[in-house]
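# Fold the following for me, if possible:
(chains A and B)
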Amino acid sequence: MQATPQGGIKPWLLLSPALTALFFLLIIPTAFVAVYSLWLSSATGLATREWTLSNWTSMLADPFYWAILWQTLRIALEGTIGCALMGYPVAYFLARCRLRNKSFLVLLLLLPFWISYIIRTLSWINILGANGLINTLLEALGAIDAPLQMLYNEVAVVLGLIHYLLPFMILNIYVVLEGLDRNIEASAASLGAPPFRVFLEVTLPLSLPGLAAGGLLCFVLGAGTYVTPMILGGPQNAMFATLIYDTIIIQLNWPMGAAMSMLLLMLLGGIVMLYNRFLGLGQIYKSLAG
Amino acid sequence: MNDGLGWRLIRLSTIAVYLFMFLPIVAVVVLSFNPQQFGGFPMEGVSLRWYRELAENQAIRSALSTSLWLGLQTAIISSVIGVLASLALMRFHFRGKQWISTLLVSPILIPEVVLGVALLLFLRWLSVPRSYALLLLGHVLITLPFVVLVVQARLAGLRRDYEEAARSLGANPVQTFFTVTLPLIMPAVLAGMVFAFTISFDDITATLFWKSAGTETVPTQIFAMLRNSISPEINALGSLMIVITISLPLIAGALARRFARG
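Just a heads-up that it's a prediction; the model follows:
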């Protein structure tokens, strides 16, 4: 579809429903959260309109929040690294293999996007649980007498996150590898570089934009998760989103919950903006459009 | 180079990753046929017991109907808004276009918890209680960016010649839109709708913030049931969801091909 210059008022008419929706559902509410976080909480949780920094100061002074925030970022980072290590070989294989059913394999990668996140998360209980696949197999082999406790710890949470985020990583790397000019690799090889050096010095550096885009997506989505630590983690594996939910829905301390939401948004938003400043978000949107 | 040790390792790890991706999902479907009360491996037979129990469970039936309606209404609203916006972005050059297009897709990169909190607190402040309407508005917000991305990608290949031909043959803009443009962009609209439906149907995090106490969607119902422990019934409900959300794009794809043939 070719674009015509000088659309006049027409594009704005077409955009107006979307912009109205975003204005009232996103922009105003987000600004409102910022204001709310500066209001005093009352006994009922409804803020009284008195300006105060107390939500922020008590949050930032409390080592508990810092510990959970650190834990959140650590789990997200572990998940992202796991995705990169597991996703890169798959993306490379898909981009370089000469199988006839290659497009089917790529399509298969999109399948998890169509399967509910909560189903994919709970599916791990069937594998890691006391009656799960691994324990049953080990018991049948006589390797163990009592089931191993593999759920409700950080490893299970990270595994669940990787399972959820891996397709994003693979697709981002795959898109870049698929678009590389193969002649560059071929000429490096013809100059005598062994395959592994070609990969290390040519292919890998050229595919870094895909790796970075996948990494950003995995990290930001991972750091915001609420459901995965709730299902696969124990009480000690709480993440920042869990804390926000408890503060707002259970304790009804809205101003404090608002301050925590703002902190998470500024932190992750800051990372996204830095990324956008230096690398641009175009790559990510391209991979998401399928 | 495709025969070396390195390549064999890469092939092996690819197979391992595909197993990692799909084995747990296959286990959900397999275990849903487990006749035992406390399902798990090893299975002692195959039965449809849990699917029958699902059909008789009033809470699950109402959650399913809530999810289906919510998904359908979200899909319609979101795709209409999203298609109009995509047309504006694909068809016209205007000031601030780059900025607008970033804004439209920005909710993807904002944690769902924050989207949930923001809309909830804002509407509470306006004294609007948590309700179905809030859930619907919220789902439009989280599906819109994906609709815009997908529809834009689908519109990229569309040429304007047909419309110009219609106009030069004397059709007015409205006639041109309904007889030429709309049929041409129909596959994109359909793709956007299916995508929006699936995202809405599957959403859990923001939905937990927005739903009113009495309302459950299928994912929140599953989440509530998980409080006890995993059961074959949850696996059966999960399998049902998988069938619904995977068959939908296949059906839509078939429909789109019919549209294309005319």
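
# What's the nearest residue in chain A when you look at chain B?
In chain A, the residue that lies nearest chain B is A:Asn131 (2.4 Å; C-beta to the nearest C-beta). For glycine as for every other residue, the C-beta is placed from the backbone atoms N, C-alpha and C.

# separation between that residue and A:Tyr117?
23 Å (C-beta to C-beta, to the nearest Å).

# Quick one: residues contacting A:Trp56.
Applying C-beta atoms under 8 Å, 6 or more residues apart in numbering or on different chains to A:Trp56 gives the contacts A:37-38, A:259.

# Can you select the buried ones from these in PyMOL?
The buried residues among the contacts of A:Trp56 can be selected in PyMOL (16 or more other C-beta atoms under 10 Å in any protein chain shown) with this line:
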select buried, chain A and resi 37+38+259
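
# Mind putting the contacts of A:Trp56 into JSON lines with secondary structure and distance to chain B?
Below are the contacts of A:Trp56 laid out as JSON lines (DSSP: H, G, I helix; E, B strand; the rest coil; distance: C-beta to the nearest C-beta, whole Å):
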{"residue": "A:Ser37", "secondary structure": "coil", "distance to chain B": "10"}
{"residue": "A:Leu38", "secondary structure": "coil", "distance to chain B": "13"}
{"residue": "A:Ala259", "secondary structure": "helix", "distance to chain B": "11"}
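
# can you put the contacts of A:Trp56 in CSV and add distance to B:Arg124 and pLDDT?
Below are these laid out as CSV (distance: C-beta to C-beta, whole Å; pLDDT from 0 to 100):
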residue, distance to B:Arg124, pLDDT
A:Ser37, 15, 89
A:Leu38, 17, 88
A:Ala259, 16, 94
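
# any chance of the contacts of A:Trp56 in JSON lines, with distance to A:Gly233 too?
Compiled in JSON lines, these are given as follows (distance: C-beta to C-beta, whole Å):
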{"residue": "A:Ser37", "distance to A:Gly233": "27"}
{"residue": "A:Leu38", "distance to A:Gly233": "32"}
{"residue": "A:Ala259", "distance to A:Gly233": "24"}
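
# for the chain, which helix is longest?
Just going to use chain A. Under DSSP state H, the helix in chain A containing the largest number of residues is helix A:63-96.

# that answer is for a different chain, and I need it for chain B
Chain B, longest helix under DSSP H: helix B:58-91.

# ok so, going back, how about the residue of chain A closest to chain B, phi and psi?
Phi and psi for A:Asn131, reported as degrees, to the nearest 10, are phi -100, psi 20.

# Show me the helices in chain B, by range?
All helices of chain B, identified by DSSP H, fall at B:5-31, B:49-56, B:58-91, B:97-105, B:112-125, B:132-155, B:161-168, B:173-176, B:182-202, B:205-210, B:218-226, B:232-261.

# go on, the stretch 151-290 of chain A?
For the stretch 151-290 of chain A, the helices defined by DSSP state H, counting those that start in this stretch occupy A:154-179, A:182-190, A:195-198, A:204-223, A:227-232, A:240-245, A:254-278, A:282-288.

# right, and those helices - which one's nearest A:Thr30?
Closest of the helices of the stretch 151-290 of chain A to A:Thr30 is helix A:254-278, at 7.3 Å (criterion: C-beta to C-beta).

# buried sites along the closest one?
So, applying 16+ other C-beta under 10 Å, buried residues of helix A:254-278: A:254-265, A:267-269, A:271-272, A:275.

# got it, and stretch A:63-80?
By neighbour count with 16+ other C-beta under 10 Å, stretch A:63-80 contains the buried residues A:65, A:68-69, A:71-73, A:75-80.

# cool, and stretch B:83-91?
B:83-91.

# Just send those back as a markdown table, with pLDDT and distance to chain A too.
Formatted as a markdown table, those follow (pLDDT from 0 to 100; distance: C-beta to the nearest C-beta, whole Å):
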| residue | pLDDT | distance to chain A |
| --- | --- | --- |
| B:Val83 | 91 | 9 |
| B:Leu84 | 92 | 5 |
| B:Ala85 | 94 | 4 |
| B:Ser86 | 91 | 9 |
| B:Leu87 | 88 | 5 |
| B:Ala88 | 90 | 4 |
| B:Leu89 | 89 | 8 |
| B:Met90 | 86 | 5 |
| B:Arg91 | 82 | 6 |
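
# Columns distance to B:Ile60 on top of these, output as JSON lines?
As requested, the buried residues of stretch B:83-91 are arranged in JSON lines below (distance: C-beta to C-beta, whole Å):
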{"residue": "B:Val83", "distance to B:Ile60": "34"}
{"residue": "B:Leu84", "distance to B:Ile60": "36"}
{"residue": "B:Ala85", "distance to B:Ile60": "36"}
{"residue": "B:Ser86", "distance to B:Ile60": "36"}
{"residue": "B:Leu87", "distance to B:Ile60": "40"}
{"residue": "B:Ala88", "distance to B:Ile60": "42"}
{"residue": "B:Leu89", "distance to B:Ile60": "41"}
{"residue": "B:Met90", "distance to B:Ile60": "42"}
{"residue": "B:Arg91", "distance to B:Ile60": "45"}
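
# how about the residue nearest the centre of chain A, what does it touch?
In chain A, the centroid-proximal residue (C-alpha atoms, centre = their mean) is A:Leu221; its distance is 2.2 Å. Counting by C-beta under 8 Å, 6+ apart, A:Leu221 makes contact with A:164-165, A:168, B:111.

# ok, back up a step: for the helices of chain B, which one sits closest to A:Leu216?
helix B:97-105 (14.0 Å).

# average pLDDT across the closest one?
Here helix B:97-105 scores 89 as its mean pLDDT.

# ok, B:Ile222 touching B:Gly238?
Yes - shown here, B:Ile222 and B:Gly238 form a contact pair, counting by C-beta atoms under 8 Å, at 6.8 Å.

# pLDDT at residue 174, what is it?
Because you didn't say which chain, this covers chain A. So A:Tyr174 comes in at 93 (pLDDT).

# Can you look at chain B instead?
B:Val174 carries a pLDDT value of 83.

# just A:Pro89 next, same as before
95.

# Which residue comes closest to it once chain neighbours are left out?
B:Ser13 (4.4 Å; C-beta to C-beta, 6 or more residues apart in numbering or on different chains).

# any idea how far B:Gly6 is from that neighbour?
For B:Ser13, the distance to B:Gly6 - C-beta to C-beta - is 11 Å.

# How about B:Ala88?
For B:Ala88, the distance to B:Gly6 - C-beta to C-beta - is 48 Å.

# re the thing from before, local confidence estimate at the residue nearest to A:Pro89?
pLDDT, read off for B:Ser13, is 95.

# For it, give me its contacts.
A:86, A:89-90, A:93.

# And the buried ones among those, selectable in ChimeraX?
In ChimeraX syntax, the buried subset of those is picked out as below (16+ other C-beta under 10 Å):
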select /A:86,89,90,93
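
# what number of residues lie near residue 200?
You didn't pick a chain, so chain A it is. 12 (other C-beta atoms under 10 Å in any protein chain shown).

# actually chain B
Around B:Ser200 sit 26 other residues, with neighbours defined as other C-beta under 10 Å.

# same thing with the one 4 residues further on?
Using other C-beta under 10 Å as the criterion, B:Ile204 is surrounded by 21 other residues.

# tell me the contacts of the residue lying closest to it once chain neighbours are set aside?
Closest residue to B:Ile204 apart from its sequence neighbours, by C-beta to C-beta, 6+ apart: B:Pro219 at 4.1 Å. When contacts are counted by C-beta under 8 Å, 6+ apart, B:Pro219 touches A:116-118, B:67, B:202-204, B:207, B:241.

# mind running it again at 10 Å?
Residues in contact with B:Pro219 (C-beta atoms under 10 Å, 6 or more residues apart in numbering or on different chains) are A:116-119, A:227, B:63, B:67, B:201-205, B:207-208, B:237-238, B:241.
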